[in-house]
Structures are given as structure tokens and as C-alpha cells.
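Visitor: Need a 3D model of the sequence below.
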Amino acid sequence: MEFINPIAQTYIDQFSHATPSYLKEMYEATIVAHAHAHLQSSWHQGGLLSFISKVKKPSRILEIGTFTGFSSLCLAEGLANNGLLHTIELRAEDAHTASTYFDKSPFAHQIKVHIGDAKAIIPTLHEKWDLVFIDADKTGYIEYYDLVLPQLNMEGLMIVDNVLFHGDVLEEKIVGKSAKAIQAFNEYVQQDNRTEHTILTVRDGLTLIRKK
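Guide: Down below sits the predicted model:
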């Protein structure tokens with residue numbers, strides 16, 4: 001399901017310029033060569049991540065779901081001079097591709113790649129997060145949220161992707177493991193009195209979450 005009229009999206013892309021232009025080559029290479037290119041954040045969404053990061057100026061960023069590294073490098077744009085971005089990817093091949101791009105970027109020494117299960121890795125990262133981006137397996141969203149929230153700074157921000165899940169959560173009867181998991185996550189966050197949140201209809205839906 002397309003939430004934005006394609007003509008409007010073309011116009012938005014034309015008049016939005018927060019996405020780092022040097023990432024265009026890697027962005028398009030993933031679209032052309034990767035069998036699961038749809039998992040990459042859209043160009044405009046990358047710009048939003050970059051914009052938010054620049055406003056926040058985070059010292060510590062956590063990304064759950066690296067893929068080929070486009071969103072990571074967008075998030076890195078706002079890192080403080082001594083800042084660090086930890087990104088976690090389950091698939092070693094994608095993590096290797098991302099690392100290749102990171103090594104060529106201005107943030108080569110500020111990005112730490114972890115390969116493996118995020119549920120096992122997150123508890124080993126003894127950091128307080130200023131900015132968190134969750135874009136991984138949908139069935140793990142609630143657990144990721146609960147693992148990260150205690151380590152999120154009071155001024156911190158959590159961004160969660162795919163919360164509309166291709167429009168499947170809008171159906172009267174929700175089917176499919178991932179769609180059901182996203183609906184469960186949305187309900188869980190709605191009922192959590194520790195945080196407040198808002199959903200943006202950017203691409204496949206982004207939820208912004210902060211502690212009260």
C-alpha cells in the first residue's frame with residue numbers, strides 16, 4: 001500500500017535535501033543489486049533520520065538492523081565529535097557490505113558493527129542511548145523496546161520503523177506473523193505509561209518515542 005501519492009513523493013524528494021548526497025551511489029547500488037532492497041530505508045526517510053540526528057547531536061546511537069548501512073550513515077550525520085554509533089546486524093553478509101561503506105565514509109572510526117542476535121548483544125552494550133533506531137525482525141520489536149528503554153536517556157529519542165507494515169495493520173483482520181507482531185507492538189507502546197509517542201506516515205510508518 002502506498003501512503004503517499006507517487007506524484008507528491010516525487011515532489012517531496014525534489015524539494016527535500018537533508019539526505020547526504022554522497023550516499024546516493026550506495027543507496028542505488030543496494031536497489032539494483034540486493035535481492036531484498038525493499039528493506040532499505042527510502043531516500044527521503046534517510047533524510048529524516050539525518051535531520052533528527054543533527055538536531056539531537058547524540059553522543060551515543062544504537063541501531064538495530066544495519067542492512068547495508070544507508071540508515072546508519074544517515075544517523076551518523078549528527079554524531080557529536082566524540083560520538084559513537086553501535087549498529088547490530090544478524091546477517092554477516094549484509095554487515096560486511098555495510099562495513100565496506102562505513103570504512104569509506106567520514107565516520108569510519110565512529111561506527112561499531114555487531115554481528116549476531118540483537119537480543120543477546122544489547123545487554124552487553126553498557127551505554128546510555130541518546131538516539132535509537134529499530135528496524136529489524138518485527139517479531140522482536142517488543143523485546144527490543146523493553147531492552148533499550150531502561151538505557152534511553154531522558155532526553156533521548158527512539159525511532160521505530162515499519163509500524164504500519166505495508167498497511168496490513170489497517171485491515172479488519174490482521175494476518176501474517178510480522179503484521180500481527182507490529183500490531184502487538186503498537187498496542188504495547190500505546191498502553192505503556194512510561195513513554196509518549198507519535199506515529200508519522202513516512203514511508204511504512206515511523207513511531208517516535210520518548211520517556212515521560
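
Visitor: Quick check, central residue of the chain?
Guide: Note on the chain: the residue nearest the mean C-alpha position is F133, at 3.8 Å, using Cα atoms, centre = their mean.

Visitor: Apart from its neighbours in sequence, what residue is nearest K112?
Guide: Spatial nearest neighbour of K112, excluding adjacent residues (Cβ to Cβ, 6 or more residues apart in numbering): H86 at 5.0 Å. Backbone N, C-alpha and C define where each C-beta goes, glycine included.

Visitor: now S42
Guide: Using Cβ to Cβ, 6+ apart and skipping residues adjacent in sequence, the residue nearest S42 is R203, 4.8 Å away.

Visitor: remind me, longest strand of the chain?
Guide: Longest among the strand segments of the chain by residue count, using DSSP state E, is strand 152-161.

Visitor: buried stuff in it?
Guide: Buried residues in strand 152-161, counting neighbours by 16 or more other Cβ atoms under 10 Å, are found at 152-153, 156-161.

Visitor: Confirm that the residue nearest to K112 sits in a strand.
Guide: Yes: if the criterion is DSSP: H, G, I helix; E, B strand; the rest coil, then H86 is within a strand.

Visitor: tell me the contacts of it?
Guide: For H86, the contact set (Cβ atoms under 8 Å, 6 or more residues apart in numbering) comprises 60-63, 112, 114, 125, 127.

Visitor: L85 too?
Guide: Listed by Cβ under 8 Å, 6+ apart, the contact partners of L85 are 60-63, 72, 75-76, 79, 107, 110-112.

Visitor: which residues does the residue nearest to K112 form a beta bridge with?
Guide: When bridges are called by DSSP bridges, H86 pairs up with L62, K112.

Visitor: Just the helices from the protein, written as ranges.
Guide: Counting by DSSP state H, the chain has helices at residues 6-15, 24-33, 43-56, 70-76, 92-104, 118-121, 141-148, 177-190.

Visitor: most tightly surrounded among those?
Guide: Relative to the other members of the helices of the chain, helix 70-76 carries the highest mean neighbour count by mean count of other Cβ atoms under 10 Å, namely a mean of 27.

Visitor: Can you list the helices and strands that that helix packs against?
Guide: For helix 70-76, the packing partners by 3 or more Cβ pairs under 8 Å, 6 or more residues apart in numbering; DSSP states H and E come out as helix 24-33, helix 43-56, strand 60-64, strand 84-89, helix 92-104, strand 129-134.
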